[in-house]
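Undergrad: Task: produce atomic coordinates for the following.
(one chain, ligands or ions: 1)
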Amino acid sequence: MFPRLPLLLLLLPLLACSGNGGQVQDGAADLPPPDTPLVRLDQQPLPFEAGLPDQGLPDAPPVTTLTAPFFLDFEQDDGRLVGTRDWEWGQIDFQPSTGPNAPCDNASYTPPTAGHSGTGMWGTKLNDCYSPLDNAKSPCSNENLIDDSVLAFKVKIPATLPNPRLTYWEWSDYFLDFDWTEVRVDNDVVQQVCSGSLTTPPTWEKRSIDLKSYTGATVEITFHFMASSVINYSGWYIDDLAVNSD
Ligand SMILES: [Ca+2]
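TA: Numbering: from 1, shown residues only. The predicted structure is shown next:
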């Protein structure tokens, strides 16, 4: 019935005890015992996490739930945000690679020289132009969330917090509208930069998004970066992020 499967794989369902349903999966030998919780109670996985391993990418770690009000300058740590694909936390160290197949396949890129505060930030790669991931497809229409570069966190917005807002500073240097960005709250699009033109030369700019309709809720906020397969600039950078009262 399964002529290509090793004999051991065929025997594993018979040998397995209850707890994993007898399913055979890659890396099964590395899994913790069935009683070990895989996710802490205050953490939940990305909604698109399940799609990542199939594409050969590492599992995204669980998303931590923060409680508003908070402010993150990303100087000492990553703020417990989670980034997939090109998103990196740290200091800018831009040393663009060169050559016809290098991410920076042109000279029109202007990375920040420092964070909006200090030197720490999140960015779609901190040492090179962003990757030609070819996940931009249709500008302004995000048809496939699974292949985006996603920066994510969850936030509990207490009912006692008046006029809650998401604020952050961004440095935007990408090739509209082949490359574009959007911000989502519980997968509702609350901001898109997908047409027109960006500030030239790029500079740190403040964004502010009203979260009043989410008062009293715990929501997941995600920053989505989409890149075409050609002409990459330095990228999208986020610093000094807060959810607080305006
Ligand atoms: Ca900073």
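Undergrad: quick one: contacts for the residue of the chain found nearest the ion?
TA: Nearest residue of the chain to the ion, counting by Cβ to the ion: G115, 3.4 Å away. Where you see a C-beta, it was placed from the backbone N, CA and C, and this is true even at glycine. G115 sits next to 73-75, 91-92, 121, 237, 239-240 when contact means Cβ atoms under 8 Å, 6 or more residues apart in numbering.
Undergrad: Domain ranges for the protein, per the record?
TA: 1-36, 39-245 (automatic domain parsing).
Undergrad: Now the weakest link among those, please, by mean pLDDT.
TA: Among the domains of the chain, domain 1-36 carries the lowest mean pLDDT, at a mean of 42.
Undergrad: Which positions in stretch 107-122 come out as buried?
TA: Under the neighbour-count criterion of 16 or more other Cβ atoms under 10 Å, stretch 107-122 has 109, 111-112, 115-117, 120-122 buried.
Undergrad: which of the residues you listed lies closest to P202?
TA: For the buried residues of stretch 107-122, the minimum distance to P202 (Cβ to Cβ) is 7.6 Å, reached by P112.
Undergrad: Of the contacts of G115, just say which sits nearest to D177.
TA: Using Cβ to Cβ, the contacts of G115 come closest to D177 at Y237, 19.3 Å.
Undergrad: Parallel or antiparallel, which strands does the helix or strand where the closest one lies pair with?
TA: Applying DSSP states H and E as the criterion places Y237 in strand 235-245. In the sheet, strand 235-245 lines up against strand 70-72 (antiparallel), strand 120-124 (antiparallel), strand 164-173 (antiparallel) (DSSP bridges).
Undergrad: What is the subsequent helix or strand relative to the longest one?
TA: Remark: after strand 164-173, the chain's next helix or strand is strand 180-185, criterion DSSP H and E.
Undergrad: Neighbouring strands - and their directions - for that following strand?
TA: strand 188-193 (antiparallel), strand 218-226 (antiparallel).
Undergrad: Can you say which of the ones you listed is packed in most?
TA: strand 218-226 (a mean of 22; mean count of other Cβ atoms under 10 Å).
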